[in-house]
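Q: With the input below, show me the fold.
(one chain, ligands or ions: 1)
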Amino acid sequence: MDVPLLTATGLTKRYGSQTLFEHLSLTLQHGEMLALLGESGSGKSTLLNGLAALEPLDRGQVLLQGRDILALDESGQAALRREQLGFVFQAFHVLPHLTVQDNVGLPLLLQGRPDATRVAEMLAAVGLEAQSRHLPRQLSGGQLQRVAIARALVHRPVLVLADEPTGNLDPRHADQVMQLLRRQLREQQAACLLVTHSAHAASLADRRLRLEGGQLVDA
Ligand SMILES: Nc1ncnc2c1ncn2[C@@H]1O[C@H](COP(=O)(O)OP(=O)(O)OP(=O)(O)O)[C@@H](O)[C@H]1O
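A: Model (predicted):
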């Protein structure tokens, strides 16, 4: 069997006396889209952030292509996130003073390899060519979400961590985003962990798990 892209083991997170999850294990294969379901407050976002070392976990190991993310120092973690991860979070973090195209191009710029052709390709893929020079305040919520998705994928990350990426979108644009994610996984042999409350989005994933009572169960 292929070596998984991501292997997480023994993940434990507590807030005070509340145990959010304990000894969780998770693997993601190259090319795989895994939907993570669960009630509000069950800890999905915390798990997603924990995998990327954006939030400290109490215990656990996260291997991304054999590299132990949680064992890296902060600058090593930042470099790994910049180069290998793509994030789509509920709060968009679209920078208000940058145009749409500059927001989308930012991950490439931060890596010292600006690429206007790739940015244009991503804007076309999310249907925002006409808005490329607009500022975020001129966009609707759904358009902003598509900017965030284009930016999350522009640098061809091997792991995409997506928290409700279609939450704000009408069905047509939600499908467009899911197709774009799929294409990314196929082209890069990347993987995606998709937190969603949408039954439709979950149905498009390869596998579904539910975070329930601090454990991952098949959904
Ligand atoms: N910094 C914190 N301190 C204490 N408790 C926290 C903290 N951050 C999150 N929690 C708690 O952890 C639990 C899980 O939160 P989390 O955001 O991971 O849930 P979720 O499953 O992603 O929910 P949703 O579907 O609503 O986004 C919640 O009960 C929340 O109150």
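Q: quick one, what contacts the nearest residue to H93 once chain neighbours are set aside?
A: For H93, ignoring the flanking residues on the chain, the nearest one in space by C-beta to C-beta, 6 or more residues apart in numbering is A148 at 7.1 Å. Heads up, the C-betas are built off the backbone N, CA and C, glycines and all. Contacts for A148 (C-beta atoms under 8 Å, 6 or more residues apart in numbering) come out as V88, F89, F92, H93, V94, P165.
Q: Which strand or helix spans A148?
A: Under the criterion of DSSP states H and E, A148 resides in helix 141-153.
Q: Look up how far L95 lies from the residue nearest to H93.
A: In this structure, A148 lies at 11 Å from L95, with C-beta to C-beta, to the nearest Å as the measure.
Q: Repeat that for L144.
A: 11 Å.
Q: Kindly report the same for A124.
A: Distance check for A124 against L95: by C-beta to C-beta, it reads 21 Å.
Q: which residues touch the top helix by length along the chain?
A: Looking across the chain with DSSP state H, the single longest helix is helix 171-188. Counting by C-beta under 8 Å, 6+ apart, helix 171-188 makes contact with 31-33, 86, 125-127, 142, 145-146, 149, 153, 156-158, 160, 162, 165-166, 169, 190-192, 194, 198, 200-201, 204, all of which sit outside it.
Q: near the ligand too, which of those residues?
A: Applying C-beta under 6 Å from any ligand atom, the subset of the contacts of helix 171-188 adjacent to the ligand is empty.
Q: before we move on, back to that, list residues touching both of L144 and L95?
A: Between them, L144 and L95 have P136 as joint contacts when contacts are counted by C-beta under 8 Å, 6+ apart.
Q: who's more crowded, the two?
A: Under the criterion of other C-beta atoms under 10 Å, the comparison of L144 against L95 puts L144 first, with 18 against 14.
Q: who in the protein is up against the ligand?
A: Taking C-beta under 6 Å from any ligand atom as the test, the list of the chain residues beside the ligand reads Y15, L20, G38, S40, G41, S42, G43, K44, S45, T46.
Q: Just to be sure, the last one is in a strand?
A: No - residue assignment for T46, taken from DSSP: H, G, I helix; E, B strand; the rest coil, gives helix, which places it outside any strand.
Q: Going forward, count from 509.
A: From this message on, residue numbering opens at 509, which makes the last subject T554.
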